[in-house]
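J.: let's see this in three dimensions:
(one chain, ligands or ions: 2)
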Amino acid sequence: MHPSMYGRDFLKMLDLTPDEIRHLVRLAASFKEMKRAHQPHRYLEGRNIVLLFEKTSTRTRCSFEVAGRDLGMGVVYVDGSSSQMGKKESIPDTARVLSRMFDGIEYRGYGQEIVEELAEYADCPVWNGLTTESHPTQMIADLLTMQENFGRDLSGLRFVFMGDAQNNVGNSLMVTCVKMGMHFVACGPEKQMPDPALVEKCRQIAAETGGSVTLTPDVAEACTGAHVVYTDVWVSMGEPAEIWGERIELLSPYAVTQEVMDMTAENSIFLHCLPAYHDLKTGVGKDVYEKFGKKELEVTDEVFEGPKSKVFDEAENRMHAIKAIMYATLSPVQ
Ligand code: CP
Ligand code: NVA
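T.: Numbering: from 1, shown residues only. Ligands and ions are numbered 1, 2, ... in the order given. Predicted structure coming up:
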């Protein structure tokens with residue numbers, strides 16, 4: 001028997017049991033097979049969902065839109081600047097209005113408390129498409145990508161997050177890894193380490209699952225024998241541009257280079273939630289180069305384009321994962 005998630009919200013990884021996480025990854029894998037085989041799966045025909053985006057997005061927005069349509073649903077996209085939410089209408093009022101019209105609500109934006117408040121007042125499932133503190137839909141895609149490379153049981157794998165480990169992706173990965181019985185290593189300067197209370201909570205979870213949490217500034221100690229090396233941008237959406245100088249100074253020693261990948265296990269992979277600054281083909285990348293003279297930031301182009309990089313499988317898996325999350329929470333039969 002798999003766990004039922006019908007009617008539930010999807011707000012942060014701490015809310016899920018290991019069995020529920022595994023169920024979502026299984027569902028995502030089976031939706032991926034169906035999609036590849038062009039097998040229709042309009043299981044939620046006639047439903048409607050709304051996507052609220054207060055921050056920009058390529059993968060998350062497109063994943064919710066395509067996944068929603070593949071499942072037979074109507075999809076409405078609302079961007080922060082054009083809605084009343086937060087400015088002329090409170091979060092509780094917005095939640096109650098939208099849940100009279102829609103079967104599910106996605107929110108991408110700022111504080112975790114906003115998505116939690118939406119969920120408290122909405123009568124339908126609310127899905128977190130990224131907040132300042134967490135990025136849970138990304139986690140199901142990342143687990144699917146790891147499973148495709150290492151097989152079903154991820155427990156015991158050594159997972160290293162390099163750089164800004166206190167951000168939404170770093171936080172969520174720490175929780176996800178320990179729930180899966182993996183060894184999570186945050187490698188970076190002390191200032192960018194996850195919140196001590198969350199580290200403590202994760203260590204308690206790890207004690208039950210056989211995983212572990214290590215925080216270290218030492219790249220060789222972290223990466224020797226690692227199975228997965230993961231990184232994310234050094235400045236996240238919502239942080240001021242003025243912080244780039246400080247972050248570059250603090251985090252440059254933690255860039256994922258070929259030298260770093262050479263320390264890892266033979267079958268290791270490189271992951272990144274994307275978007276990534278690995279060349280000068282982006283506006284921000286060019287600005288940073290002009291100010292600080294750095295052509296590549298959190299990952300070198302060599303690693304990003306290299307054979308261990310699975311970042312585009314990971315990006316595709318966002319769509320299958322989000323489909324699984326919507327299906328699990330909206331369908332009474334699974
Ligand atoms: N990884 C991710 O969430 O990408 P977007 O910001 O493009 O949605
Ligand atoms: N930490 C990044 C993740 C983007 C998907 C951000 O919040 O901007």
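J.: hey, let's count contacts and neighbours off CA atoms from now on
T.: OK.
J.: residues from this structure in reach of ligand 2?
T.: Within the chain, the residues that sit near ligand 2 (CA under 6 Å from any ligand atom) are 167-169, 233, 236-237, 273-274.
J.: which of those ranks first by neighbour count?
T.: Neighbour counts for those (other CA atoms under 10 Å) peak at V169, which has 27 neighbours.
J.: thinking again about what came up before, near ligand 1, from the residues of the chain next to ligand 2?
T.: Among the residues of the chain next to ligand 2, ligand 1 is touched by 273-274 when using CA under 6 Å from any ligand atom.
J.: pLDDT and secondary structure for the residues of the chain next to ligand 2 - can I get that in CSV?
T.: Shown next, in CSV, are those (pLDDT from 0 to 100; DSSP: H, G, I helix; E, B strand; the rest coil):
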residue, pLDDT, secondary structure
N167, 98, coil
N168, 98, helix
V169, 98, helix
V233, 98, coil
S236, 98, coil
M237, 98, coil
C273, 98, coil
L274, 98, coil
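J.: which one of the residues of the chain next to ligand 2 is nearest to A141?
T.: C273 (9.3 Å; CA to CA).
J.: the nearest residue to that closest one once chain neighbours are set aside: neighbouring residues, count only.
T.: With CA to CA, 6 or more residues apart in numbering as the criterion, C273 has its nearest non-adjacent residue at 6.5 Å, and that residue is D232. D232 has 26 neighbours, counted by other CA under 10 Å.
J.: residues contacting D232?
T.: Residues in contact with D232 (CA atoms under 8 Å, 6 or more residues apart in numbering) are 162-164, 169, 272-274, 276, 298.
J.: gap between it and A207?
T.: According to CA to CA, to the nearest Å, D232 and A207 sit 27 Å apart.
J.: now swap in V25 and tell me
T.: Using CA to CA, we find V25 at a distance of 23 Å from A207.
J.: settle it for me: which of these two has more neighbours?
T.: Neighbour tally, V25 and A207, criterion other CA under 10 Å: the higher count belongs to V25, 25 against 13.
J.: so the more buried one is in contact with D142, correct?
T.: No - assessed by CA atoms under 8 Å, V25 is found out of contact with D142, at 9.3 Å.
J.: overlap in contacts, those two.
T.: Counting by CA under 8 Å, 6+ apart, nothing touches both V25 and D142.
J.: that older thread, tell me the one of the contacts of D232 nearest S212?
T.: For these, the minimum distance to S212 (CA to CA) is 16.4 Å, reached by M162.
J.: from what I see, that closest one and A255 are in contact.
T.: Yes - with contacts defined as CA under 8 Å, M162 counts as touching A255 at a distance of 7.2 Å.
J.: are there residues contacting both of the two? Which ones?
T.: Shared contacts of M162 and A255 (CA under 8 Å, 6+ apart): none.
J.: settle it for me: which of those two has more neighbours?
T.: When M162 and A255 are compared for neighbours, M162 comes out ahead with 28 against 21, by other CA under 10 Å.
J.: check contacts around that one.
T.: By CA under 8 Å, 6+ apart, the neighbours of M162 are 186-188, 229-232, 254-256.
J.: could the residues of the chain next to ligand 2 go into JSON lines alongside distance to W127?
T.: Converted to JSON lines, the residues of the chain next to ligand 2 look like this (distance: CA to CA, whole Å):
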{"residue": "N167", "distance to W127": "19"}
{"residue": "N168", "distance to W127": "15"}
{"residue": "V169", "distance to W127": "16"}
{"residue": "V233", "distance to W127": "23"}
{"residue": "S236", "distance to W127": "20"}
{"residue": "M237", "distance to W127": "19"}
{"residue": "C273", "distance to W127": "18"}
{"residue": "L274", "distance to W127": "20"}
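J.: which ones are touching R59?
T.: Counting by CA under 8 Å, 6+ apart, R59 touches 315, 318-319.
J.: which non-adjacent residue is nearest the spatially most central residue of the chain?
T.: For the chain, the residue nearest the mean C-alpha position is Q138 (2.5 Å; CA atoms, centre = their mean). Nearest residue to Q138 in three dimensions, chain neighbours excluded: R318, at 6.3 Å (CA to CA, 6+ apart).
J.: how about the one you found, secondary structure?
T.: The three-state label given to R318 by DSSP: H, G, I helix; E, B strand; the rest coil is helix.
J.: ok, how many other residues are close to it?
T.: For R318, the count of nearby residues is 28 (other CA under 10 Å).
J.: any idea how far it lies from E290?
T.: Taking CA to CA as the measure, R318 falls 33 Å from E290.
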